[in-house]
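Enquirer: just a sequence and a predicted model for now, questions to come.
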Amino acid sequence: MTSKRRFLGLSTAASLLIASAAFAAEPLTIDVHRDANCGCCKKWIAHLEANGFKVVDHVETDMRAVKQELGVAPRLASCHTAVIDGKFVEGHVPAAQVQELIKRNDLAGVAVPGMPAGSPGMEVDGMKHAYQVIGLTKSGDDQVVASYPDT
Ligand SMILES: [Cu+2]
């Protein structure tokens, strides 16, 4: 009888520990829409996961329609389109700017237009092309959120 009680006590303590640990390190969940054959999209997903994001992967047949539906302006378009907190993340945006986006309620989303070499998931022979992370304000204006490489 005593041993059973001790077991119950332990398991309660253990589950409390697990619950508080899960709360402290609650991962940010992000939905990623991509084409089945996109290799750099998968590399970008790996970049997010390495930075603590939980990625929900969606393989799409018509990325143009997805972008249109999510309000990605054509001038900002890249390969994959992600959604976090109701805002879009277009292209190879570094994890730091995805985290910042969550706090920016003036923005509809952020984008790295095109696929610049050296952005996360676009590592090509150590090449580092200059690129900017563009925020799209809810009133439709572009705003530079970050510039890379940051020296
Ligand atoms: Cu890409």
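Expert: In hand now; what should we look at? Residues are numbered from 1 along each chain as shown.

Enquirer: residues of this protein that sit close to the ion?
Expert: Where proximity means C-beta under 5 Å from the ion, the interface of the chain facing the ion comprises 40, 79, 115. The C-beta positions use only the backbone N, C-alpha and C, and glycine is treated the same way.

Enquirer: now those residues as a markdown table including pLDDT and neighbour count?
Expert: Putting the residues of the chain next to the ion into a markdown table (pLDDT from 0 to 100; neighbours: other C-beta atoms under 10 Å) gives the following:
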| residue | pLDDT | neighbour count |
| --- | --- | --- |
| 40 | 97 | 20 |
| 79 | 98 | 19 |
| 115 | 96 | 19 |
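
Enquirer: which ones among those residues map onto helices?
Expert: Judged by DSSP state H, the subset of the residues of the chain next to the ion located in helices is residue 40.

Enquirer: which of the residues of the chain next to the ion sits closest to residue 65?
Expert: Compare each of those with residue 65 using C-beta to C-beta and the shortest gap goes to residue 79, at 14.6 Å.

Enquirer: do a quick rundown of the strands in this protein.
Expert: For the chain, the strands identified by DSSP state E occupy 28-35, 53-60, 81-84, 87-91, 107-112, 131-137, 142-148, in order along the chain.

Enquirer: can I get those strands in a markdown table with mean pLDDT and distance to residue 98?
Expert: Shown next, in a markdown table, are the strands of the chain (pLDDT from 0 to 100; distance: least, C-beta to C-beta, whole Å):
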| stretch | mean pLDDT | distance to residue 98 |
| --- | --- | --- |
| strand 28-35 | 97 | 7 |
| strand 53-60 | 98 | 7 |
| strand 81-84 | 98 | 6 |
| strand 87-91 | 98 | 6 |
| strand 107-112 | 98 | 7 |
| strand 131-137 | 98 | 10 |
| strand 142-148 | 97 | 11 |
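
Enquirer: which of these sits closest to residue 99?
Expert: Residue 99 lies closest to strand 28-35 among the strands of the chain, at 7.3 Å (C-beta to C-beta).

Enquirer: any buried residues in the closest one, and which?
Expert: For strand 28-35, a neighbour-count test (16 or more other C-beta atoms under 10 Å) marks 28, 30, 32-34 as buried.

Enquirer: distance of the residue nearest to residue 146 when sequence neighbours are not counted from residue 104?
Expert: By the measure of C-beta to C-beta, 6 or more residues apart in numbering, the closest residue to residue 146 outside its immediate chain neighbours is residue 133, 4.3 Å from it. Using C-beta to C-beta, to the nearest Å, we find residue 133 at a distance of 12 Å from residue 104.
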